[in-house]
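Chemist: Return a 3D structure for these sequence lines:
(4 chains)
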There are 2 protein chains.
Amino acid sequence: MAERLYRDIGEHIKDEIRAQGLKPGAKLPTERVYADQYGVSRTVVREAFIMLEIEELIEVRKGSGSYLIKVPGDGRMIKSFAEDIGPFELLQARQVLESSIAACAAQVVTKHDIQLMQETLDLEGAELDSIEKSDAADREFHLLIARSTQNSLLLETCTQLWDLRERSPMWKILHSRIKDTSYRGQWLDDHREVLAHLRRRNAEGARQAMWQHLENVKVTLFALSNTEDPDFDGFLFTSLSPGQKPGQL
Amino acid sequence: MAERLYRDIGEHIKDEIRAQGLKPGAKLPTERVYADQYGVSRTVVREAFIMLEIEELIEVRKGSGSYLIKVPGDGRMIKSFAEDIGPFELLQARQVLESSIAACAAQVVTKHDIQLMQETLDLEGAELDSIEKSDAADREFHLLIARSTQNSLLLETCTQLWDLRERSPMWKILHSRIKDTSYRGQWLDDHREVLAHLRRRNAEGARQAMWQHLENVKVTLFALSNTEDPDFDGFLFTSLSPGQKPGQL
DNA sequence: GATACAGAATTGGTGAACCAGATGTGAATA
DNA sequence: TATTCACATCTGGTTCACCAATTCTGTATC
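Modeler: Presented below is the predicted three-dimensional model:
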């Protein structure tokens, strides 16, 4: 039946909560009851409870019992976040958000930040042959910009968007096709232009440069995705709508 | 020390992983080693491992051991969720991000979206007396704008920022002071102006209106925070830096 | 050098026992 | 009758000992 018995039990408990129409605040059966019901040890039920607790679905109160915080969803939300997102939707979001972050950064960036960014771009240039290393430098450059705003939420947002990319199977496929092209060279030029505007503390210049950079990335990926597999289409263009040129001044 | 012993142990293990500079793929000490080290039973360590497993930080392989998937973050996201983030840092981030989202929305918003927003503002106006209800409408309005971009990541970002607010104890304190003032009236006017620009599909107008709205909120909160408690200062202005007027055109 | 196999190491899971906090009960009391 | 307080009971918290299933390791064998 399974690796990880506690996961099975946890999911069963979720189903049961849903099926019985329990409402937030309701008291759940005790660990011992579930143990009997599913014919497993209390330990396993405790582990399942821990799972639900970490997912913030229940609250466990010592000496009292466990209480429902919210009715567990079908888990489709998490799925959509992990898988369903197309590369273009992600790039669109990055375009909207990161261009604004760059504009913000331009106004508060320090010389030290600029220096770090310069070093990262130098590294990116030196390692253009290595997909892995130049990609890491790419990420680092974008995050450095967000970090330079000194606002941890902007940095966190940027980080999340980047992490999302790495969880997208579709992105990996497209990404793997880039290896032998010269696109990375253009992106490096884009980065340099963004940095130039940051150096001059030119907020709107930075905003536009970042926008254009991600526009270029989109165009590149579009070209790559068109060459083959018609299968892609449905996947790539999910919720692409915010088209045109938002942010254009 | 704590309710939930497994959480303490889990956090300690995270610290240790970070401190020892383990890299993804590395093999972790066995459950029994940790049990001895922390002077707890193996059961508790197993629970802590399950926590890390659910957080996708480690992979537990039966008969083999546990392996690091990725180095745990500083928990800044989680910490910030709980405590560290000052209301002004949050508002700063919203200002940067939501103004851009509004500009994006202006270009793709549909009549139906506009109608929903209008209804939400009507509701907000009608319920100005009820903090709870007008607050809910406030949130709904901002999320409707993000939703109208048709980009699930922009909506998700917006939602996260808003949720963050509700988990900030400091924000709640400030928020509780608003009740009997007329600030909500001004915010409603702000909202109406944003909507007017959206209706005209005026991207830069919407951007500026949203920026100004959140600027007004910042000013209000600043006034409220100044009236009493000097204690606040250290808390409120953590990482406020992106000062001046980024985004000013 | 490659293979097979025995034994060690490690996680998976169980059951019983006891602890500690929370709750309900019922008698004693005002 | 209403209140209080002690005590039994229910609940989760933790430990321990034990066995099963899987994987790893080193040795003997070919």
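
Chemist: And the longest helix belonging to chain A, what's buried?
Modeler: Criterion DSSP state H: the longest helix present in chain A is helix A:203-226. By neighbour count with 16 or more other CB atoms under 10 Å in any protein chain shown, helix A:203-226 contains the buried residues A:203-215, A:217-218, A:220-221, A:224-225. C-beta: built from backbone N, CA, C; applies to glycine.

Chemist: which helices and strands does it pack with?
Modeler: helix A:87-108, helix A:169-176, helix A:183-199 (3 or more CB pairs under 8 Å, 6 or more residues apart in numbering or on different chains; DSSP states H and E).

Chemist: Where does the prediction get shaky in chain A?
Modeler: Residues of chain A meeting the criterion pLDDT under 70: A:1-2, A:73-85, A:167, A:169, A:178-181, A:225-249.

Chemist: Can you name the residue of it nearest to DNA strand D?
Modeler: A:Thr30 (3.2 Å; CB to the nearest atom of the strand).

Chemist: Around that residue, how many other residues sit close by?
Modeler: Neighbours of A:Thr30 under the rule other CB atoms under 10 Å in any protein chain shown: 13.

Chemist: And for chain A, the residue most distant from the center?
Modeler: A:Asp36 (40.5 Å; CA atoms, centre = their mean).

Chemist: quick one, phi/psi of it?
Modeler: Per-residue torsions, A:Asp36: phi -60, psi -50 (degrees, to the nearest 10).

Chemist: And for the one 5 residues further on?
Modeler: Dihedral angles of A:Ser41 (phi, psi; degrees, to the nearest 10) stand at phi -80, psi 160.

Chemist: number of nearby residues for the closest residue to A:Ile54 other than its chain neighbours?
Modeler: Spatially, and ignoring its direct neighbours in sequence, A:Ile54 is nearest to B:Ile54 (5.1 Å; CB to CB, 6 or more residues apart in numbering or on different chains). Counted by other CB under 10 Å, the residues lying close to B:Ile54 total 18.

Chemist: Any figure for the gap between A:Arg199 and chain B?
Modeler: 16 Å (CB to the nearest CB, to the nearest Å).

Chemist: Any idea how many residues pack against the closest residue in space to A:Gly205 that isn't next to it in sequence?
Modeler: Leaving aside its sequence neighbours, A:Gly205 sits nearest to A:His197 (CB to CB, 6+ apart; 3.6 Å). Counted with other CB under 10 Å, the neighbours of A:His197 add up to 21.

Chemist: looking at it, A:His197 is touching A:Ala206, isn't it?
Modeler: Yes - the criterion here is CB atoms under 8 Å, and A:His197 meets it with A:Ala206 at 4.0 Å.

Chemist: Common neighbours of the two, please.
Modeler: Counting by CB atoms under 8 Å, 6 or more residues apart in numbering or on different chains, the shared contacts of A:His197 and A:Ala206 are A:Ala102, A:Ala106.

Chemist: and the one residue sitting closest to the centre of chain A, backbone torsions?
Modeler: When CA atoms, centre = their mean is applied to chain A, the residue found nearest the centroid is A:Leu164 (2.5 Å). Note on A:Leu164: its backbone torsions stand at phi -60, psi -40 [degrees, to the nearest 10].

Chemist: Go ahead and confirm it touches A:Pro87.
Modeler: No - A:Leu164 is not in contact with A:Pro87 according to CB under 8 Å; the separation is 10.1 Å.

Chemist: A:Leu91: what's it in contact with?
Modeler: A:Leu214, A:Val217, A:Lys218, A:Leu221.

Chemist: and the first one, what is it in contact with?
Modeler: Which is A:Leu214. Applying CB under 8 Å, 6+ apart, the residues near A:Leu214 are A:Leu91, A:Arg94, A:Gln95, A:Glu98, A:Ser99.

Chemist: Could you rerun that using 7 Å?
Modeler: A:Leu91, A:Arg94, A:Gln95, A:Glu98 (CB atoms under 7 Å, 6 or more residues apart in numbering or on different chains).

Chemist: Output those in CSV; the columns should cover distance to DNA strand D.
Modeler: Compiled in CSV, the contacts of A:Leu214 are given as follows (distance: CB to the nearest atom of the strand, whole Å):
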residue, distance to DNA strand D
A:Leu91, 39
A:Arg94, 39
A:Gln95, 44
A:Glu98, 41
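
Chemist: If you rank the residues you listed by neighbours, which is first?
Modeler: A:Glu98 (28 neighbours).

Chemist: now that we're looking at that one, how far away is B:Leu214 from it?
Modeler: 19 Å (CB to CB, to the nearest Å).

Chemist: Redo the contacts of A:Leu91 as JSON lines? Include distance to B:Ala26.
Modeler: Putting the contacts of A:Leu91 into JSON lines (distance: CB to CB, whole Å) gives the following:
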{"residue": "A:Leu214", "distance to B:Ala26": "35"}
{"residue": "A:Val217", "distance to B:Ala26": "33"}
{"residue": "A:Lys218", "distance to B:Ala26": "37"}
{"residue": "A:Leu221", "distance to B:Ala26": "33"}
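
Chemist: report the angle between the axes of the longest helix of chain A and helix B:87-108?
Modeler: Taking axes from the mean of the first three to the mean of the last three CA atoms, to 10 degrees, one finds helix A:203-226 and helix B:87-108 inclined to each other by 60 degrees.

Chemist: Any part of stretch A:102-111 near chain B?
Modeler: Yes - Stretch A:102-111 comes into contact with chain B (CB under 7 Å from any CB of the partner chain), by way of A:Ala103, A:Cys104, A:Gln107, A:Val108.

Chemist: residues in chain A within reach of DNA strand D, list them.
Modeler: Within chain A, the positions lying close to DNA strand D (CB under 7 Å from any atom of the strand) are A:28, A:30-32, A:42-43, A:46, A:49, A:60-66.

Chemist: Tell me which two in those residues are the farthest apart.
Modeler: A:Thr43 and A:Ser64 (20.1 Å; CB to CB).

Chemist: pretty sure A:Arg32 contacts A:Thr43?
Modeler: No - using CB atoms under 7 Å, A:Arg32 is not in contact with A:Thr43; the gap is 11.5 Å.
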